[in-house]
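>>> Show me how the following folds:
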Amino acid sequence: MSVKRKPAQSKLWAGRFRGKTDPQVETFTSSLAIDRRLYRHDIAGSIAHCRTLERTGVLTRREADKLVAGLKQVEKEIAGGRFRFTPAHEDIHMAHTGRSRNDQVALDLRLYLRDAVNDLLAGLRRFQESLVALARRELSVVMPGYTHLQRAQPVLFAHHLLAYVEMAERDKGRLRDALRRINVMPLGSGALAGTNFPLDREYTARLLGFPVVSQNSLDAVSDRDFVVETLAALALVMAHASRFAEELVLWSSQEFGFVELPDARADRRAHPPRGGQTGRRAQAGGEGDRRRAVPVHSGA
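Next up, the predicted model:
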């Protein structure tokens, strides 16, 4: 009597599947081209989960150390461009004991956004400091204030610059507010109904720098409100950046002639007549236009 053996599968979810996945299906369903940027956050979450499993007694110290060392090696290989991704990997996530891809993806996204928002907050702060420094240096400079591109009232150049400091401050406030809801640890929620292992979620949260853990597993794995919130805040950041770029395009034109930037900060891509500097500022304005639905014109 012969026994039917299921062919070896490279996928962890193979289960009842007997045949190999069609390569075209693998390519179509793979998200690696996008989510591979989450590798550092995915590995950080996996290391914290290993340590939590060790604390619970599911893993021995030796087993946990071996897994953590392997994860750190993978991180080095990816960072160094030596790790070979294939469509068969499907995505950057690889769940294991006491964890689902659902809560793993939710965690990775929160870790990624938290870092991105903190980086942007630091960048906005530097932008404000630069504007304040320039405003102090040019405190005596007077320029015409415009309404509908018609000269209206004289204003200080410094006053005009400081308007963007206020915009950036509101941007920072919205991002900080979004950060409160980003900074919630969902791991331990499993696929949707938690896990059978007695995981110390507060311990995992401390390892990953989260101040609180999620309170409902169904909500934790499905919640993307924090992403929409962040995108809304970023749309306004880009609207302000676009407005500033449009101001510089006008100010550096021959018609206005208010400012001139160093060549290192401009290019001739826009081909203005008889020279000029518009390229990089026009680009910034274009980026803003692609990220919002309605045009925001210069404050001039």
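>>> show me where this protein has strands.
Ranges of strands in the chain, per DSSP state E, are 142-147, 150-156, 184-185, 212-213.
>>> got TSV for these, with distance to Ala135 and mean neighbour count too?
No exception for glycine: its C-beta is placed from N, CA and C like everyone else's. Formatted as TSV, these follow (distance: least, CB to CB, whole Å; neighbours: other CB atoms under 10 Å):
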stretch	distance to Ala135	mean neighbour count
strand 142-147	12	14
strand 150-156	8	11
strand 184-185	38	23
strand 212-213	40	14
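>>> do you know which of those lies nearest Arg206?
Nearest of the strands of the chain to Arg206, taken as CB to CB: strand 184-185 at 9.1 Å.
>>> could you say what helices and strands the closest one packs with?
Judged by 3 or more CB pairs under 8 Å, 6 or more residues apart in numbering; DSSP states H and E, the packing partners of strand 184-185 are helix 101-137, helix 201-208, strand 212-213.
>>> can you put these in JSON lines and add distance to Leu236 and mean pLDDT?
Output for the helices and strands packed on strand 184-185, formatted as JSON lines (distance: least, CB to CB, whole Å; pLDDT from 0 to 100):
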{"stretch": "helix 101-137", "distance to Leu236": "11", "mean pLDDT": "97"}
{"stretch": "helix 201-208", "distance to Leu236": "29", "mean pLDDT": "98"}
{"stretch": "strand 212-213", "distance to Leu236": "26", "mean pLDDT": "98"}
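>>> and Ala193, which of these is closest to it?
With CB to CB as the criterion, Ala193 lies closest to helix 101-137 of the helices and strands packed on strand 184-185, at 10.3 Å.
>>> Going by neighbour count, list what's buried in the closest one.
Within helix 101-137, the residues scored as buried using 16 or more other CB atoms under 10 Å are 101-114, 117, 120-121, 124, 127-128, 131, 135.
>>> can you check stretch 250-264 too?
Across stretch 250-264, burial judged by 16+ other CB under 10 Å covers Leu250, Trp251, Ser252, Phe256, Phe258.
>>> just stretch 200-210 next, same as before
Neighbour-count burial for stretch 200-210, counted by 16+ other CB under 10 Å, picks out Arg201, Thr204, Ala205, Leu207, Leu208, Phe210.
>>> ok, the fifth one - contacts?
Contacts here follow CB atoms under 8 Å, 6 or more residues apart in numbering; on that basis Leu208 touches Ala44, Gly45, Ala48, Leu107, Leu111, Met185, Leu187.
>>> what's the distance between the fourth one and Ser189?
Read it as Leu107. Distance, Leu107 to Ser189, using CB to CB, to the nearest Å: 9 Å.
>>> And the furthest pair within the contacts of Leu208?
Greatest spatial distance in the contacts of Leu208: Ala44 and Met185, 12.0 Å, computed using CB to CB.
>>> re earlier: can you tell me which of the buried residues of stretch 250-264 are in helices?
Residues of the buried residues of stretch 250-264 located in helices (DSSP state H): Leu250, Trp251.
>>> This completes my enquiry, with thanks.
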